[in-house]
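Engineer: give me the fold of what follows.
(one chain, ligands or ions: 1)
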Amino acid sequence: MTERPPLSSAHELLRRTTADAHSRVDALLGGGLASSEGYGMYLRGMHRFIQVSEARLAGHGVMLGVARDRLEQDLAALSFEPIRPVAAPPPEPDRVARLGWEYVVSGASVGARYLLRQAQQLGYSAEHGARFLAGHAGDPVWPRFLVRLARERFTPDELDTLRDAALDAFAAAESAFKTARQENVHG
Ligand code: HEM
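Structural biologist: All right, here's what the predicted structure looks like:
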């Protein structure tokens, strides 16, 4: 029988195996929000990523409708167009895979605290243009997710599923930011 992993090992695995993917997303964003154009790209990429995540999670786990609304308000406030819609991906039926995806959606709020300060330096606020980041940065979604993750006991197969889903989610985010960069920010 395989030994059960200790409490934090699932988080440790996710952090370690997605570190390169996080660096790629970070690099696509130039390490932060240096200009309004860069900020527009971030908003558009996150909007697409949250839309895809909403479809994959299909009402399970983290609720993303409010985040999407805020992103749409920020995009409108800055006169940026969302990325052109594509067909939504199917819901993810596997609960463990959904948790892996949620790791990435929830973890994006960790960086949001840092990105909010940069958006504020560009002149945006919780009232104008930075509703999403202000909401995301103050959201307890990340500590709550970590508590849920720590309560789980995964089999080795499930750990593979968890990791693969987190990598899929990062790939979706990467693709969203690439599209956001390629398309004209103003539609
Ligand atoms: C330029 C944009 C970004 C910056 C500067 C940034 C920065 C950060 C920072 C400083 C942390 C904390 C690292 C630590 O405590 O060791 C973090 C964690 C994280 N970020 Fe980002 N981030 C960015 C974008 C994103 C995006 C777009 C996503 C997801 C789509 C994301 C997903 C995550 C995840 C999952 C974690 C948690 C890592 C862990 O502790 O397990 N980040 N980010």
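Engineer: from here on, just use CA atoms for contacts and neighbour counts.
Structural biologist: Fine.
Engineer: what residues does this protein put near the ligand?
Structural biologist: Residues of the chain lying close to the ligand by CA under 6 Å from any ligand atom are 15, 26, 29, 31-32, 103-105, 107-108, 110-111, 170, 173.
Engineer: for these, give me a markdown table that also has secondary structure and neighbour count.
Structural biologist: What follows is the residues of the chain next to the ligand, written out as a markdown table (DSSP: H, G, I helix; E, B strand; the rest coil; neighbours: other CA atoms under 10 Å):
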| residue | secondary structure | neighbour count |
| --- | --- | --- |
| Arg15 | helix | 17 |
| Asp26 | helix | 15 |
| Leu29 | coil | 20 |
| Gly31 | coil | 12 |
| Gly32 | coil | 18 |
| Tyr103 | helix | 26 |
| Val104 | helix | 23 |
| Val105 | helix | 25 |
| Gly107 | helix | 17 |
| Ala108 | helix | 17 |
| Val110 | helix | 18 |
| Gly111 | helix | 14 |
| Phe170 | helix | 23 |
| Ala173 | helix | 26 |
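Engineer: who's in contact with Tyr39?
Structural biologist: 33, 119 (CA atoms under 8 Å, 6 or more residues apart in numbering).
Engineer: I'd like the mean pLDDT over the host helix or strand of it, please.
Structural biologist: Element membership for Tyr39 (DSSP states H and E) is helix 36-57. Average pLDDT, helix 36-57: 95.
Engineer: which helices and strands sit right next to whichever helix or strand comes after that helix?
Structural biologist: Counting by DSSP H and E, the element after helix 36-57 in chain order, helix or strand, is helix 65-77. Here helix 65-77 touches helix 36-57, helix 131-137, going by 3 or more CA pairs under 8 Å, 6 or more residues apart in numbering; DSSP states H and E.
Engineer: want to throw the residues of the chain next to the ligand into JSON lines with distance to Pro90 and pLDDT?
Structural biologist: Formatted as JSON lines, these follow (distance: CA to CA, whole Å; pLDDT from 0 to 100):
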{"residue": "Arg15", "distance to Pro90": "26", "pLDDT": "96"}
{"residue": "Asp26", "distance to Pro90": "27", "pLDDT": "93"}
{"residue": "Leu29", "distance to Pro90": "27", "pLDDT": "91"}
{"residue": "Gly31", "distance to Pro90": "31", "pLDDT": "81"}
{"residue": "Gly32", "distance to Pro90": "31", "pLDDT": "84"}
{"residue": "Tyr103", "distance to Pro90": "19", "pLDDT": "97"}
{"residue": "Val104", "distance to Pro90": "18", "pLDDT": "97"}
{"residue": "Val105", "distance to Pro90": "17", "pLDDT": "95"}
{"residue": "Gly107", "distance to Pro90": "22", "pLDDT": "94"}
{"residue": "Ala108", "distance to Pro90": "22", "pLDDT": "92"}
{"residue": "Val110", "distance to Pro90": "27", "pLDDT": "90"}
{"residue": "Gly111", "distance to Pro90": "28", "pLDDT": "86"}
{"residue": "Phe170", "distance to Pro90": "17", "pLDDT": "98"}
{"residue": "Ala173", "distance to Pro90": "16", "pLDDT": "97"}
